[in-house]
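Q: kindly generate the corresponding structure for this input.
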Amino acid sequence: MIGIMSDSHDNLTAIEDAVKFFNSENVDLVIHAGDLISPFTAQKFKRLKMPFEAIFGNNDGERNGLKIAFSDLCVLEDFKDLNIRGRKIAVIHGTQSKIVDSLVYCGEYDVVVRGHTHQIDVSKDLRSGKTMVINPGEVCGYLSGKKTLVLLDPEDMSYELIEL
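A: Model prediction:
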């Protein structure tokens with residue numbers, strides 16, 4: 001099982017809740033689709049009992065500090081190309097919708113994980129029916145009032161939307 005989150009925006013309580021949830025569910029991997037914001041959030045993510053993959057978001061201004069703080073957990077980049085149990089997964093924050101669309105329509109990925117909009121979206125590419133797009137919404141809950149995550153089973157591509 002893969003835990004997917006985005007847009008935590010320094011909400012330490014929400015990050016703690018997400019970490020506790022993922023640890024209790026014994027997920028195999030947690031993916032964060034950007035907007036970690038501050039280096040001090042790394043201390044909360046270090047409590048995860050599983051591997052962690054994260055990317056930069058558009059509000060991650062202190063990139064060098066984030067790279068150092070998260071260096072024990074993952075290498076922070078703008079984009080990740082992951083292979084998990086034979087599934088190709090692209091991870092991008094998603095500030096440019098044309099780039100997200102290109103990743104979806106190129107047919108190379110089983111899943112495109114994105115964030116940025118703070119809106120939940122789990123859908124399939126209507127052209128090919130192959131690529132799943134997952135935007136888990138926002139962990140911070142600042143814009144929608146909901147702190148949300150997604151659990152994805154890479155075996156059968158089933159998913160569950162979780163509200164903390």
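Q: output the contacting helices and strands for the longest helix seen in the chain.
A: What stands out as the longest helix in the chain, according to DSSP state H, is helix 12-25. Where contact means 3 or more Cβ pairs under 8 Å, 6 or more residues apart in numbering; DSSP states H and E, helix 12-25 is packed against strand 2-5, helix 42-45, strand 148-152. Placement of C-beta: from N, CA and C, glycine included.
Q: after it, which helix or strand is next?
A: The first helix or strand that comes after helix 12-25 along the chain, using DSSP states H and E, is strand 29-32.
Q: how about the longest helix of the chain: buried residues?
A: Across helix 12-25, burial judged by 16 or more other Cβ atoms under 10 Å covers 14, 15, 17, 18, 19, 21, 22.
Q: one step back: buried deepest among the helices and strands packed on helix 12-25, which one?
A: Greatest average neighbour count among the helices and strands packed on helix 12-25 goes to strand 2-5 (a mean of 28), per mean count of other Cβ atoms under 10 Å.
Q: mind saving the C-alpha coords of stretch 69-78 as CSV?
A: The C-alpha trace of stretch 69-78 is given here as CSV (Å, rounded to 0.1, in the frame of the first residue of the first chain):
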residue,chain,number,x,y,z
ALA,A,69,16.7,18.7,6.8
PHE,A,70,15.2,15.9,4.6
SER,A,71,18.5,14.4,3.5
ASP,A,72,18.0,11.4,5.9
LEU,A,73,14.6,10.7,4.4
CYS,A,74,14.9,11.4,0.7
VAL,A,75,16.4,13.5,-2.0
LEU,A,76,14.2,16.4,-2.8
GLU,A,77,13.7,17.3,-6.4
ASP,A,78,11.1,19.0,-8.6
